[in-house]
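Have a look at this prediction, sequence included:
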Amino acid sequence: MNEGADESEQALSLKKIMRLDLNDLCAEHLAKFPGMTGWFEPKLLLKLLLNVIVSQMFGQYADRRLVHAALDKQSPSESRDWTDVTKETQRDDGDVWIDYIADLGDGFDATYAMAYLLAQPHLEIRGYTELIPRASALIMGGDAVYPTASRDSYNNQLRKPYSMAWPDTFEKDGPPVFALPGNHDWYDGLVVFLAIFCRTKASKIGNWRTRQRRSYFSAKVAENWWVWGIDIALVRDMDQPQADYFVDAATNMPSGANIILCSAEPGWYEAEREGDSFRTLDYAASIAKNAERNLRIPLIISGDSHHYARYEGQDGQFITSGGGGAFLHGTHGLKDAIAAPWLKRTPQALKLKHVYPSKELSRELLNGDLQFFQNNKEFGYTLSTLYWIFASAITYAPAWEMFLVVPLLLGVILWGYSRYQEEKFSGETLAYSVAQALAHSVVIWFFACAALWLAGLSSWKIPWFVWLPLLAAAIIPIGARIASLIFGLYLKLTCKYADRNHNDAFSAMKLDGYRSFLRLRIRGNEITVFPIGIDSVPSRGGWRRNENRGLASPSHFEPTRRMDPHLIEPLITISAADGLSSGDVEIRHEVISKQ
């Protein structure tokens with residue numbers, strides 16, 4: 001590519017770059033792809049709030065799962081044949097390898113880094129002596145795009161990165177991909193998700209091929225092994241056509257079959273209060289149990305929480321693996337044991353066995369909230385604009401009542417914010433809201449008193465149309481940093497010590513490190529979980545054109561420095577042997593250190 005072409009193409013918009021052939025893309029074009037979502041951008045906050053209000057008001061009355069099921073003309077037997085991918089997944093040595101990744105479509109860097117690892121013909125993993133082969137099927141566990149679903153979001157943040165990682169080889173049958181919708185996929189009513197993943201014929205995402213007709217699926221991936229992916233939508237329930245679908249799937253499985261159960265949310269986190277997502281997950285498991293075919297569910301997987309966490313119960317493993325690309329969630333708030341009434345039995349103890357990142361590191365990472373302004377400048381300026389408005393009101397009505405009104409109004413605003421985040425009332429919520437409101441009020445009082453003092457120095461009255469801009473010029477730049485520091489400190493302290501604001505405290509930092517996915521190996525009646533993580537992903541400038549693209553690596557861009565994928569914890573091997581009773585599994589752990 002000549003220099004003139006370089007300069008002209010670097011100026012192209014992202015939409016124009018999306019239309020370029022992959023072979024015409026240069027490393028400089030990568031700068032045009034989206035970065036991490038700014039969750040505290042005021043416009044986005046208003047948009048998300050509107051989406052939540054609309055979905056809560058109308059979601060249950062416009063459930064697209066029902067409409068799509070009614071339009072699906074495939075018979076149950078045709079559906080079972082369509083999702084039987086055993087011919088594509090079986091290797092010559094008899095092993096079957098499957099990848100699971102979730103929460104992937106936020107920005108470019110982490111999304112492409114994970115897609116790159118998925119696409120390599122073999123992976124060298126620190127902590128394991130052998131190269132592990134590329135998986136023959138891919139499960140996307142929810143939230144394929146952020147922050148909201150649109151055709152441009154799916155193209156920019158999913159299809160293009162995955163196509164660059166493993167371009168279409170134009171073969172008829174590429175490895176199958178199955179996808180679950182998360183809440184962010186649902187924010188457009190599931191329109192684009194259905195258009196991409198749920199078609200009459202297979203569509204392409206890079207070299208992967210879609211193989212489902214509905215937003216949920218029962219896929220036969222190996223002899224005697226199925227993956228069930230349930231769609232809990234925004235209302236966290238299972239609609240009747242979906243229940244009928246899985247009843248049919250269960251009754252047509254051979255006795256003693258094994259099921260890997262996937263959901264868009266880790267319902268076991270709320271098992272003790274029997275939240276909606278747990279009850280729906282448990283209901284799906286009960287469908288398998290009630291089929292009376294000795295069906296076993298040795299492995300339950302979810303995304304939604306953007307970290308790795310494994311709980312172990314008497315019936316199997318409950319793994320959260322949401323490290324596909326979205327901002328990191330902390331792990332320090334996870335319970336060491338959860339009493340889960342799984343399959344309506346006496347609550348069994350799910351014991352936390354491993355997390356990534358560690359709880360200690362999770363707490364340390366919260367120091368990043370002290371740089372709240374650097375990551376969320378627009379929100380900081382919004383807060384300082386409120387400072388200016390309140391300080392101006394006090395200077396123009398210098399009565400003690402105004403000094404009391406300011407903390408009262410701020411307290412109400414912050415209490416409403418906390419109530420929305422926690423979905424419950426508590427005295428602690430009120431106390432934290434009042435404390436933050438007082439901290440902001442002290443700053444506003446200082447600005448107001450300083451303004452009154454300066455105004456008193458003048459022998460003539462300054463017109464309001466001059467005075468207000470002067471106040472804004474003085475208050476807003478300084479106030480943005482002070483307000484951000486107070487808000488960031490509030491997020492850090494409440495998340496670290498009070499088990500609150502986990503989502504906001506970590507989304508504010510835009511951390512894209514500590515990514516993870518699962519590579520599963522099925523061998524007979526055993527399944528082995530390879531939990532694979534990378535501590536950091538290459539920055540936008542850390543990619544270069546792969547000039548030797550071919551069998552060794554199909555990706556268009558490769559990291560300038562080798563990424564260091566490693567085993568997050570020792571391998572988890574689950575045996576679901578024929579001699580075991582329904583639901584029972586044997587679990588062992590294996591680790592082989594890389595020399």
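Alright, I've got the coordinates. Residues are numbered from 1 along each chain as shown.

From now on I want contacts and neighbour counts done on CA atoms only, so please keep to that.
Will do.

And the strands in the stretch 451-595 of the chain, which stretches?
Taking DSSP state E, counting those that start in this stretch as the test, the strands found in the stretch 451-595 of the chain are 515-523, 526-534, 543-545, 557-559, 566-567, 571-575, 586-590.

Tabulate these (a markdown table), appending mean pLDDT, mean neighbour count and distance to residue 84.
Listed next are these as a markdown table, based on pLDDT from 0 to 100; neighbours: other Cα atoms under 10 Å; distance: least, Cα to Cα, whole Å:
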| stretch | mean pLDDT | mean neighbour count | distance to residue 84 |
| --- | --- | --- | --- |
| strand 515-523 | 96 | 23 | 16 |
| strand 526-534 | 96 | 22 | 18 |
| strand 543-545 | 91 | 18 | 37 |
| strand 557-559 | 93 | 22 | 33 |
| strand 566-567 | 96 | 20 | 30 |
| strand 571-575 | 92 | 19 | 23 |
| strand 586-590 | 60 | 14 | 27 |
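
Export these as a markdown table, with columns for distance to residue 281.
Below are the strands of the stretch 451-595 of the chain laid out as a markdown table (distance: least, Cα to Cα, whole Å):
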| stretch | distance to residue 281 |
| --- | --- |
| strand 515-523 | 20 |
| strand 526-534 | 21 |
| strand 543-545 | 40 |
| strand 557-559 | 39 |
| strand 566-567 | 28 |
| strand 571-575 | 20 |
| strand 586-590 | 22 |
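
Show the low-confidence segments of this structure, by residue range.
Within the chain, the stretches with pLDDT under 70 are 1-20, 51-62, 398-400, 419-427, 456-460, 462-464, 577-595.

Got the domain ranges for it?
Residue ranges for each domain of the chain read 33-364+508-590, 377-507, as given by automatic domain parsing.

What is the burial count for the closest residue in space to residue 33 that isn't next to it in sequence?
Nearest residue to residue 33, sequence neighbours excluded (Cα to Cα, 6 or more residues apart in numbering): residue 108, at 6.1 Å. By the criterion of other Cα atoms under 10 Å, residue 108 has 25 neighbours.

hang on, isn't residue 108 packed against residue 157?
Yes. Assessed by Cα atoms under 8 Å, residue 108 is found in contact with residue 157 at 6.3 Å.

residues shared between the contacts of the two?
residue 34 (Cα atoms under 8 Å, 6 or more residues apart in numbering).

Check which helices and strands the helix or strand hosting residue 393 is in contact with.
Residue 393 belongs to helix 377-396 when assigned by DSSP states H and E. If you count contacts as 3 or more Cα pairs under 8 Å, 6 or more residues apart in numbering; DSSP states H and E, helix 377-396 packs onto helix 42-58, helix 400-422, helix 427-457, helix 464-497.

who does the following helix or strand past the first one touch, helix- and strand-wise?
The helix or strand immediately downstream of helix 42-58 is helix 64-71, counting by DSSP H and E. Packed against helix 64-71 by the contact rule (3+ Cα pairs under 8 Å, 6+ apart) you find helix 240-251.

Tell me the buried residues in the helix it packs on?
When burial is assessed from 16 or more other Cα atoms under 10 Å, helix 240-251 yields the following buried residues: 242, 245, 246, 247, 248, 249, 250, 251.

now the helix or strand following it and strand 526-534, what's the angle there?
Downstream of helix 240-251, the first helix or strand assigned by DSSP H and E is strand 258-263. Put simply, strand 258-263 runs at 40 degrees to strand 526-534, going by axes from the mean of the first three to the mean of the last three Cα atoms, to 10 degrees.

Paired strands for strand 258-263, with orientation please.
strand 225-229 (parallel), strand 296-302 (parallel) (DSSP bridges).

Now do the last one against strand 571-575, angle only.
This means strand 296-302. 150 degrees.

then strand 296-302 to CSV, C-alphas only?
Taking Å, rounded to 0.1, in the frame of the first residue of the first chain, the C-alpha atoms of strand 296-302 are listed here in CSV:
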residue,chain,number,x,y,z
ARG,A,296,-26.9,-35.5,34.7
ILE,A,297,-25.8,-31.8,34.8
PRO,A,298,-22.2,-31.9,35.9
LEU,A,299,-21.4,-28.4,34.7
ILE,A,300,-23.3,-25.1,35.0
ILE,A,301,-21.8,-22.0,33.3
SER,A,302,-22.7,-18.4,33.1
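
Could you list the buried residues of it?
Result for strand 296-302 [16+ other Cα under 10 Å]: buried residues 296, 297, 298, 299, 300, 301, 302.

and what of stretch 79-99?
Buried, per 16+ other Cα under 10 Å, within stretch 79-99: 79-80, 82-86, 88-90, 96-99.

Keeping just the C-alphas, turn that stretch into CSV.
C-alpha atoms of stretch 79-99 as CSV (Å, rounded to 0.1, in the frame of the first residue of the first chain):
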residue,chain,number,x,y,z
SER,A,79,-34.6,-28.8,15.3
ARG,A,80,-32.7,-31.6,17.0
ASP,A,81,-31.0,-32.5,13.7
TRP,A,82,-30.1,-28.9,13.0
THR,A,83,-28.4,-28.5,16.4
ASP,A,84,-26.6,-31.9,16.3
VAL,A,85,-23.0,-30.8,15.6
THR,A,86,-21.2,-34.1,16.5
LYS,A,87,-19.9,-34.5,12.9
GLU,A,88,-18.2,-31.2,13.1
THR,A,89,-16.8,-31.5,16.7
GLN,A,90,-15.4,-35.1,16.7
ARG,A,91,-11.7,-35.2,16.3
ASP,A,92,-9.7,-38.2,14.9
ASP,A,93,-8.5,-39.0,18.5
GLY,A,94,-12.1,-39.1,19.7
ASP,A,95,-11.8,-35.9,21.9
VAL,A,96,-14.3,-33.0,21.5
TRP,A,97,-13.1,-29.5,22.3
ILE,A,98,-15.6,-26.6,23.0
ASP,A,99,-14.9,-23.0,23.9
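
if we look at it, which residues are touching it?
Residues contacting stretch 79-99 (Cα under 8 Å, 6+ apart): 118, 133-139, 173, 175-176, 211-213, 217-223, 249, 517-524.

Mind checking which of the residues you listed are buried?
Counted by 16+ other Cα under 10 Å, these give 118, 134-139, 175-176, 211-213, 217-223, 249, 517-524 as buried.

Mind checking which of the residues you listed are in helices?
Residues from the buried ones among the contacts of stretch 79-99 lying in helices, with DSSP state H as the criterion: 118, 249.
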